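# Here's a sequence, model it:
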Amino acid sequence: MTLAVRHTGIVVDNLELCLDFWCNQLGFVVRTRMDEAGPHIDAIMELHDVRVTTVKMAAADGSLVELLKFHSHPDKPAWTGGPTTTGPTHVALTVSDLDELYVRLQGAGARFHAPPQYSPDGKAKFTYCLGPENLLLELVEVLVR
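This is a model prediction of the structure:
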């Protein structure tokens, strides 16, 4: 039986750029940063001589996102799907002030599909944006609890 979602892992090419975005723009806090290599990581990846830096970051509620920067294996072409592509499409984050974050992220170079929109029931405000390396994020502000 599943007890919880432990973390979401995201492979990145520019670790420092992505850390800046997740920590300085979205408010995540680095919990662990490790350089990993050895038979255990080779086995689970089904690769040889893996060298990877992993950084686990926490949101205010303790939810974890893990960034992975592979040093040993070349990056594959970036995912080019969209919000209707089969498979994982986006990461949704609950935020406290979407209007303020929208303005701040635009200033930091994030590209938005549209300004914040209200859900039909009026209980939330949300938008999609592309962060570093074209990761699609859904930003949601809950208006009615």
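
# going forward, measure contacts and count neighbours with C-alpha atoms only.
Fine.

# domain ranges for the protein?
Here the domain parsing of the chain from automatic domain parsing is 8-70, 91-142.

# want to throw the ones you listed into CSV with mean neighbour count and mean pLDDT?
As requested, the domains of the chain are arranged in CSV below (neighbours: other C-alpha atoms under 10 Å; pLDDT from 0 to 100):
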stretch, mean neighbour count, mean pLDDT
domain 8-70, 15, 94
domain 91-142, 16, 93
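
# quick one: which of those domains is nearest residue 76?
Closest to residue 76 of the domains of the chain, according to C-alpha to C-alpha: domain 8-70, at 9.8 Å.

# just the helices in the chain please.
For the chain, the helices defined by DSSP state H occupy 15-19, 39-45, 98-107.

# ok so, going back, save the domains of the chain as a markdown table, and put in distance to residue 82 too.
Below are the domains of the chain laid out as a markdown table (distance: least, C-alpha to C-alpha, whole Å):
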| stretch | distance to residue 82 |
| --- | --- |
| domain 8-70 | 16 |
| domain 91-142 | 8 |
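
# How about residue 8, nearest residue that isn't a chain neighbour?
residue 65 (4.9 Å; C-alpha to C-alpha, 6 or more residues apart in numbering).
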